[in-house]
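Engineer: Here's my sequence, what's the structure:
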Amino acid sequence: MDTEEFSSMREWALSWIRGSIESYLRGKTPINIVKGRIKRAIESYGVKPEEIDAIIDLLQIDPSLTIPRELREERARPLLGFVEELKKGEKSG
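Structural biologist: All right, here's what the predicted structure looks like:
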């Protein structure tokens, strides 16, 4: 796979993760599915845990989402914890 192809797969993965997290925040996708997708994006597509953090942070303040902010923050908390665990695993591994 060349660099350009990898880059486009990575962009696709970031978009996939953003959509998955948004769906989870809306209550439409179970957290275990989203966690699996996050792991796959990191392991297979070169996405960094910090990028996942940034996506979660942006979705928490996205005015186009019609989800109460408190609910977004509550739902985002376990995902942020999961990403933190992945970061720790990355450093020790």
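Engineer: Just the residues contacting the lowest-mean-pLDDT helix or strand in the chain, thanks.
Structural biologist: In the chain, the helix or strand scored least confidently by mean pLDDT, DSSP states H and E is helix 69-92, which has a mean of 90. Under the contact criterion C-beta atoms under 8 Å, 6 or more residues apart in numbering, helix 69-92 has outside partners 21, 24-25, 27, 31, 34-35, 38-39, 42, 49-50, 52-53, 56, 59-61, 65. Heads up, the C-betas are built off the backbone N, CA and C, glycines and all.
Engineer: one more time with 10 Å
Structural biologist: Outside helix 69-92, the residues within contact range by C-beta atoms under 10 Å, 6 or more residues apart in numbering are 21-22, 24-27, 31, 34-35, 38-39, 42-43, 48-53, 55-57, 59-62, 65, 67-68.
Engineer: Okay, now the unreliable bits of this structure?
Structural biologist: Across the chain, the ranges flagged by pLDDT under 70 are 91-93.
Engineer: just how off-centre is the least confident helix or strand of the chain within its chain?
Structural biologist: The gap between the average C-alpha position of helix 69-92 and the chain average comes to 9 Å, counting by C-alpha atoms, centre = their mean, to the nearest Å.
Engineer: Sort out which residues of it are buried, please.
Structural biologist: 72, 75, 76, 79, 82, 83, 86, 87 (16 or more other C-beta atoms under 10 Å).
Engineer: Right, I'll call it a day here.
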